[in-house]
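Visitor: Structural data only, the sequence is not supplied:
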């Protein structure tokens, strides 16, 4: 019998569980307890939170805590897929349905997630023309392939997420009201890092150790003054910004009071890319090469979500 490859094992699987989510603050522990209750239902979950609060990690954990944990977990970043491709990505297409369609057609993400969970990240970026298609999937439990003639039944649990105020998007006519009420069934609001301040040192230490190990350097010691700097920083980018700061500290052994200071410091460089961005891009390129350009492996190696990895690739124009 042929052994499954590493890629096959990772494909369509949720990686994170609730016990892997780091934090001891009461608001964070209460959020986890509430999320566990939502996980036992089959209804649509709507995760809302600022950028960098860990929406995809919670989606993973919810799936792994649910009765669907043995089935597929499919993550889709609605903001990362070009509008011209998102329809065929989500719903699939039949052979010959358009110029460039591959032989045999393609199975869409909803079909891949059948009996499991689909995570629609940044759902607020979904074009209006596709929102009516998504509404049909939710209401009728069927998908229509591009160029297909027969609806395909699917049993999929939907977890949607956004950092936008969807209610406001509805008022502005950018998001369908009927779809809003179809996904806003079991809401889950994630706290900002500012709201879970006692978790900041724990998370920083975790990211620092991980970064030091990845870069082959000793773990730098942090003084009480530097710990206070970390606590006083506003962390508007939440956990993602904190992780970047830990990466910087692991490599340089220093920590600016805020990233505004860092941005000002990089103005002295003649090129447009700051020192931190140079480091991040270099490490990203190394990780991709080390993992043979496999994005699933690269995301796990870097300890980031797939959607975060896609954003990083887009930011640095890495193909």
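Guide: Thanks, I have the structure now. The structure displayed is predicted, hence computed values, not measured ones.
Visitor: does residue 68 count as helix, strand or coil?
Guide: coil (DSSP: H, G, I helix; E, B strand; the rest coil).
Visitor: hang on, residue 59 packs against residue 159?
Guide: Yes - using Cβ atoms under 8 Å, residue 59 makes contact with residue 159 at a distance of 4.7 Å. For every residue, glycine as well, the C-beta is placed using N, CA and C.
Visitor: overlap in contacts of the two?
Guide: 45, 47, 117, 119 (Cβ atoms under 8 Å, 6 or more residues apart in numbering).
Visitor: Residues contacting stretch 168-182, please?
Guide: Against stretch 168-182 from outside (Cβ under 8 Å, 6+ apart): 44, 124, 128, 131-132, 134-135, 138-139, 166-167.
Visitor: between those, which has the most around it?
Guide: Ranked by neighbour count (other Cβ atoms under 10 Å), these have residue 134 at the top, with 23 neighbours.
Visitor: Next, the contact list for that one, please.
Guide: 90, 120, 126, 179.
Visitor: just checking, which of those belong to helices?
Guide: Secondary structure from DSSP state H places 90, 179 of the contacts of residue 134 in helices.
Visitor: Check the contacts of residue 134 for burial and list the buried ones.
Guide: 90, 120, 126, 179 (16 or more other Cβ atoms under 10 Å).
Visitor: so which of the contacts of stretch 168-182 comes closest to residue 283?
Guide: Nearest to residue 283 out of those is residue 124 (Cβ to Cβ; 30.1 Å).
Visitor: mind listing what the closest one touches?
Guide: 78, 162-164, 166, 169, 174-175.
Visitor: Throw these into a markdown table and include secondary structure, distance to residue 281 and pLDDT, thanks.
Guide: Formatted as a markdown table, the contacts of residue 124 follow (DSSP: H, G, I helix; E, B strand; the rest coil; distance: Cβ to Cβ, whole Å; pLDDT from 0 to 100):
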| residue | secondary structure | distance to residue 281 | pLDDT |
| --- | --- | --- | --- |
| 78 | coil | 25 | 89 |
| 162 | strand | 27 | 93 |
| 163 | coil | 24 | 89 |
| 164 | coil | 28 | 88 |
| 166 | helix | 33 | 92 |
| 169 | helix | 32 | 93 |
| 174 | coil | 33 | 93 |
| 175 | coil | 34 | 95 |
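Visitor: one step back: nearest to residue 312 among the contacts of stretch 168-182?
Guide: Distances from residue 312 to the contacts of stretch 168-182, taken by Cβ to Cβ, are shortest for residue 124, at 20.7 Å.
Visitor: got a pLDDT number for the closest one?
Guide: Listed pLDDT for residue 124 reads 92.
Visitor: Likewise for the one 5 residues further on?
Guide: Per-residue confidence (pLDDT) for residue 129: 86.
Visitor: can you give me the offset of the helix or strand containing it from its chain's centre?
Guide: Per DSSP states H and E, residue 129 falls inside helix 128-140. Averaging C-alpha positions (Cα atoms, centre = their mean, to the nearest Å) puts helix 128-140 22 Å from its chain's average.
Visitor: swap in stretch 205-222?
Guide: 23 Å.
Visitor: Outside of that stretch itself, which residues are in contact with it?
Guide: Applying Cβ under 8 Å, 6+ apart, the set of residues contacting stretch 205-222 is 22, 204, 230, 242-243, 246-247, 249-251, 253, 283, 301-303.
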